[in-house]
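*Asks:* quick check, what structure comes out for this input:
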Amino acid sequence: MAKFVTFGETMFVYNAKYVGPLDPSVDGPYEKYCAGAESNVCVDLQRLAVPGLETVWISKLGMDDEGEAIMRSLES
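*Replies:* So this is what the prediction gives:
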C-alpha cells in the first residue's frame, strides 16, 4: 500500500461577518472554521478513495477547544 504523507499546520480561523475596517470594539459576529493546505490535501485524497493509497497528516495541535474542533472536523 502506498502512503501519501503531509506535514504542516492546520489553523482555526475566525472571520468577521461584518463589512468594513477592523473595529476592536466589535465582538462578533464571526465565522469559525479550519484552514490548512496539508490537511485539506489529505482529506480530499481520502475522499477520492484511490485504491491502495493511505493518506497521513502529521502535525501538532493544542489541547484546547480549537485543537479539538480541528480534530473533529478532520475526522468527519
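
*Asks:* show me the helices in the protein, by range?
*Replies:* 37-48, 65-75 (DSSP state H).

*Asks:* I'd like these as CSV, with mean neighbour count and mean pLDDT appended.
*Replies:* Yep, even glycine has a C-beta here, placed from its N, CA and C like the rest. Shown next, in CSV, are the helices of the chain (neighbours: other C-beta atoms under 10 Å; pLDDT from 0 to 100):
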stretch, mean neighbour count, mean pLDDT
helix 37-48, 15, 91
helix 65-75, 14, 90
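
*Asks:* centre-most residue in this protein?
*Replies:* Cys34 (3.4 Å; C-alpha atoms, centre = their mean).

*Asks:* returning to what we had before: dump the helices of the chain into a markdown table; add distance to Val13 as well.
*Replies:* As requested, these are exported to a markdown table (distance: least, C-beta to C-beta, whole Å):
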| stretch | distance to Val13 |
| --- | --- |
| helix 37-48 | 13 |
| helix 65-75 | 10 |
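
*Asks:* among these, which is nearest Glu9?
*Replies:* Closest approach to Glu9 among the helices of the chain is made by helix 37-48 (7.5 Å; C-beta to C-beta).

*Asks:* quick one: that closest one to helix 65-75, angle?
*Replies:* 30 degrees (axes from the mean of the first three to the mean of the last three C-alpha atoms, to 10 degrees).
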